[in-house]
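# starting from these lines, generate the structure:
(one chain, ligands or ions: 1)
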Amino acid sequence: MRVRWRLLTLLLLIAPLLVTQNESDLDVAAKSSQQRGVPAFNYPIGDPGNALGDGFVIRHGYATENTWYLPGYLHTGEDWYREEGEAAGAAVVAVGDGEVVFAGSDYPGRVVIVRHADDLYSMYGHLDPALTVEAGDSVERGDVLGTVAERGDDVPNHLHFEMRRFLTAWEVNGAAPRYEFNCGTDCPPGPGYWPIDAPEHPSEIGWLNPTHVIASSEESFHAPEVIVAMAARQMGVSVRSEPAENAEQVARLDLNPGARFPLIDVQAGPVDTIKSSADAYDLWYRIELDDERSGWVRALESSTSEAGSDGRPSQIQLGFLPAVESDRLAAS
Ligand SMILES: [Zn+2]
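Residues are numbered from 1 along each chain as shown. Okay, the predicted model is just below:
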């Protein structure tokens, strides 16, 4: 990933030398990168008029342990909750263009699976039965798939969201699942969890870190701005010369929710990380400051508000988000 971002940075630097850069040239650049098969993704949940993902928290991240729900297992997706209040009814949107290849099940709640490429799928679980799509539909990035269900059991309402390289894999959710789950055989939604003591990490099975996949897509890079999340918990952040905690601090930035900064570059950790806590989440934005200097800020923080049985963090708090909205969210 890092190599690819370097390449993109280089392309961005030399682009003005090659073309007279105006809006239509940028559009062409974005389109041609999509034609090269580089997908464009956004966060999977949001409210009308807000940046997608804003107001939400990943209470249990990818490849973390959720001790109160299923100790001994790694979560194969991200659970998106509202920062405050009830997630039920929140709009769930397609993270990228694709085709709905599955819509149904009782997870509890419905599951929608979108195929973006032959080996890349997004999966959205615990949706209200009144879905707005069905299998066979084509969807575009930001299209509403449904809303978060009101479950009716003792688990708080949330979206379970996965990015993965398979629809069914025989030993996971196909003809002969290796581990018993409610899901049973030939079940496209899959188990949602994978034993910690299994020989393979979920990334070696084909699940991916969803936030890293989204951040590594072209659209994040082309988002004109990033926005400080409404619920950014820190008072301020260090702006650094490189995307690393030990890099030189070039400025200190007060975090005012809603403040916007031009986005220059993105660095995300590996999509197939084999770490197993929220500390594996690694996302940096290079932003332009008011004084036209630029630097790198951490876009998210891990938190032990939820933790595995070994005490390591399972929760991820978003500090900065791409200022990307969906105009298809109905005000409710
Ligand atoms: Zn989940």
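
# burial of the residue of the stretch 101-250 of the chain found nearest the ion, as a residue count?
Nearest residue of the stretch 101-250 of the chain to the ion, counting by Cβ to the ion: His160, 3.4 Å away. For glycine as for every other residue, the C-beta is placed from the backbone atoms N, C-alpha and C. Residues lying near His160 (other Cβ atoms under 10 Å) number 22.

# likewise for Arg328?
By other Cβ under 10 Å, 14 other residues sit near Arg328.

# that one: what's it in contact with?
Shown in contact with Arg328 (Cβ atoms under 8 Å, 6 or more residues apart in numbering): Val93, Gly142, Asp143, Val144.

# out of these, which two are the most distant from each other?
The span of the contacts of Arg328, defined through Cβ to Cβ, is set by Gly142 and Val144 at 8.2 Å.

# which one's more surrounded, these two?
Set side by side, Gly142 and Val144 show more neighbours around Gly142, with 21 against 18, by other Cβ under 10 Å.

# up against the ion, what does the stretch 51-200 of the chain have?
Applying Cβ under 5 Å from the ion, we find that the stretch 51-200 of the chain lies next to the ion at Asp79, His160.

# pLDDT wise, what is the nearest residue to Gly152 once chain neighbours are set aside at?
Of all residues not flanking Gly152 in the chain, Pro108 sits nearest, at 7.6 Å (Cβ to Cβ, 6 or more residues apart in numbering). Turning to Pro108, the model gives it a pLDDT of 92.

# can you start the count at 373 instead of 1 from here on
All right, first residue 373 from here; so that's Pro480.

# picking that back up, the helix or strand where the residue of the stretch 473-622 of the chain closest to the ion lies pairs with which strands, parallel or anti?
Assigned by DSSP states H and E, His532 falls within strand 531-536. Partners of strand 531-536 in the sheet, by DSSP bridges, are strand 450-454 (antiparallel), strand 492-499 (antiparallel), strand 579-580 (antiparallel).

# so the closest residue to Ala631 other than its chain neighbours bridges to which residues?
Ranked by Cβ to Cβ, 6+ apart and with sequence neighbours excluded, the top spatial neighbour of Ala631 is Val600, at 4.6 Å. Beta-bridge partners recorded for Val600 (DSSP bridges): Phe692.

# quick one: pLDDT of Val600?
What the model reports as pLDDT for Val600 is 96.

# now do the phi/psi pair for the residue nearest to Ala502 when sequence neighbours are not counted.
Once flanking residues are discounted, Ala502 sits nearest to Gly518: 6.8 Å by Cβ to Cβ, 6+ apart. Main-chain dihedrals, Gly518, degrees, to the nearest 10: phi 170, psi -160.

# check contacts around Gly518.
For Gly518, the contact set (Cβ under 8 Å, 6+ apart) comprises Val464, Arg482, Val484, Tyr496, Leu499, Asp500, Ala502, Leu503, Thr504, Val505.

# student question: in this protein, what's the helix or strand with minimum average pLDDT?
helix 395-407 (a mean of 40; mean pLDDT, DSSP states H and E).

# can I get the strands paired with strand 531-536 in TSV with mean pLDDT and mean neighbour count?
Shown next, in TSV, are the strands paired with strand 531-536 (pLDDT from 0 to 100; neighbours: other Cβ atoms under 10 Å):
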stretch	mean pLDDT	mean neighbour count
strand 450-454	98	24
strand 492-499	98	25
strand 579-580	98	26
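
# same list (those strands) but as a markdown table, adding distance to Pro549.
As requested, the strands paired with strand 531-536 are arranged in a markdown table below (distance: least, Cβ to Cβ, whole Å):
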| stretch | distance to Pro549 |
| --- | --- |
| strand 450-454 | 22 |
| strand 492-499 | 16 |
| strand 579-580 | 15 |
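
# how about the ones you listed, which one is nearest Ser649?
Closest to Ser649 of the strands paired with strand 531-536, according to Cβ to Cβ: strand 450-454, at 13.6 Å.

# who does whichever helix or strand comes after the closest one pair up with?
Tracing the chain past strand 450-454, the next element assigned as helix or strand by DSSP H and E is strand 463-465. The pairing partners recorded for strand 463-465 under DSSP bridges are strand 417-418 (antiparallel), strand 516-519 (antiparallel).
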